[in-house]
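Novice: Below: sequence and its predicted model.
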Number of protein chains: 2
Amino acid sequence: MSKLQSYEREAFETVERAPEAQAKGFATVRRAHESEMAEDYVELIAELIELRGEARPVEIAERLGVKSPTVTKNISRLKAAGLVRRERYRAIFLTDAGRELAEACRRRHRVVVAFLLSLGIDEETAERDAEGIEHHVSTTTLEAFEHALQKFQSSK
Amino acid sequence: MSKLQSYEREAFETVERAPEAQAKGFATVRRAHESEMAEDYVELIAELIELRGEARPVEIAERLGVKSPTVTKNISRLKAAGLVRRERYRAIFLTDAGRELAEACRRRHRVVVAFLLSLGIDEETAERDAEGIEHHVSTTTLEAFEHALQKFQSSK
DNA sequence: GCTAAAACTTAGACTCGTCTAACTTAGGTA
DNA sequence: TACCTAAGTTAGACGAGTCTAAGTTTTAGC
């Protein structure tokens, strides 16, 4: 406990950060939010295709916890963004770009979950937190997670 | 590398998660987004008060990387939420509730940054990623971070 | 103590992601 | 084959958070 206290104490005096650096950080977060919807959808669509052979709006709505008109609208946005292929009233499929994005997201998701689990966090919490955290993990941090994971696994 | 590959491989077969659990996860993320603005503002306001004795909209705008009308509007929201005290054209101060929230956020922020640093991540990346990650870290995960940090520091 | 510049607010527009209500289409079954 | 039900879409509203343009207030320098 004392170690913990000490690092908290050290960090307690507010350090002046460069305002532009801080602003850039917040801008990054805002940008991440814009792509979150797309990432969550393609990730889920890929999952459903693997599980069922196709992704149906009704199931996307159920898993995302939203109503079907929301799905319809967001799928049009994904289509406009070139991430999905789809005809009215039909199941949804990924384009090459969509599949690529989905793969990257799923990989990142798995790494984040595995990393949290390696810290001793229970599965449900790990999944829940990963859902939010994954969109804000830079390549650098993802690599650090992988590295820590590797060390953790070889020490078992 | 092989250890890494292996855990990725294992996780590769898509496991069927309970749809409701998944939906609950996404709902949690959406809820976190709603409080993010408030958290970022009170955290920054507390920082500025400590640094300057008061928090001015112009500096909040600069640090957040947004324009001043945005700050005006959001500050009214915080006032309506009972987090800040403030008169027109004057500096912004925190209410007790605001101060409490700010303290919790700053503590969480410090833990996340320290944790990322302990993984060997550079300061700039740690700060940038923490900004996004912190809002999605549950109490459980925060404790796990603290615990890992403690172990890391005592092993140095 | 006036006045110009800086800080702040108001008004109004836009996008995103959500919703409900009402409509259309597709598909299985009688 | 015709129809009922489930799935999907359309229309329209709403709040959050951003912006620009144009106004008002405060403050600092002369």
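Specialist: Received, thanks.

Novice: next one: the longest helix along chain A to chain centre, how far?
Specialist: The longest helix of chain A (DSSP state H) is helix A:19-52. With CA atoms, centre = their mean, to the nearest Å as the basis, helix A:19-52 stands 6 Å off its chain's centre.

Novice: Hey, what's the angle from it to helix B:19-52? Just curious.
Specialist: Counting by axes from the mean of the first three to the mean of the last three CA atoms, to 10 degrees, helix A:19-52 lies at 180 degrees to helix B:19-52.

Novice: ok, helix A:19-52 near DNA strand C or not?
Specialist: Yes - using CB under 7 Å from any atom of the strand, helix A:19-52 reaches DNA strand C at A:33-34, A:36-37. To be clear about C-beta, it is placed using only N, CA and C from the backbone, and glycine gets the same treatment.

Novice: so what's A:Glu36 up against?
Specialist: Counting by CB atoms under 8 Å, 6 or more residues apart in numbering or on different chains, A:Glu36 makes contact with A:His135.

Novice: Next one: it relative to A:Tyr89, how far apart?
Specialist: Applying CB to CB, to the nearest Å, the value for A:Glu36 to A:Tyr89 is 27 Å.

Novice: before we move on, what about A:Arg31?
Specialist: 34 Å.

Novice: which stretches of chain A form helices?
Specialist: Counting by DSSP H, the helices of chain A are A:2-10, A:19-52, A:57-64, A:68-80, A:96-118, A:123-133, A:139-154.

Novice: Out of these, which is the most enclosed?
Specialist: helix A:123-133 (a mean of 21; mean count of other CB atoms under 10 Å in any protein chain shown).

Novice: sorry, back to before: between the helices of chain A, which gets the lowest average pLDDT?
Specialist: With a mean of 40, helix A:2-10 has the lowest mean pLDDT of those.

Novice: got the angle between the longest helix of chain A and helix A:68-80?
Specialist: 110 degrees.

Novice: With adjacent residues omitted, what lies nearest to A:Leu48?
Specialist: A:Ala55 (4.0 Å; CB to CB, 6 or more residues apart in numbering or on different chains).

Novice: partners of that neighbour in the sheet?
Specialist: On the basis of DSSP bridges, A:Ala55 is bridged to A:Ile92.

Novice: Just list the residues touching it, thanks.
Specialist: So A:Ala55 contacts A:44-45, A:48-49, A:91-93 (CB under 8 Å, 6+ apart).

Novice: list the contacts for the nearest residue in space to A:Arg99 that is not next to it in sequence?
Specialist: Using CB to CB, 6+ apart and skipping the chain neighbours, the partner closest in space to A:Arg99 is A:Ala46 (6.9 Å). By CB under 8 Å, 6+ apart, the contact list for A:Ala46 reads A:94, A:99, A:102-103, A:106.

Novice: got JSON lines for those, with distance to B:Thr14 too?
Specialist: Below are those laid out as JSON lines (distance: CB to CB, whole Å):
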{"residue": "A:Leu94", "distance to B:Thr14": "14"}
{"residue": "A:Arg99", "distance to B:Thr14": "14"}
{"residue": "A:Ala102", "distance to B:Thr14": "11"}
{"residue": "A:Glu103", "distance to B:Thr14": "12"}
{"residue": "A:Arg106", "distance to B:Thr14": "9"}
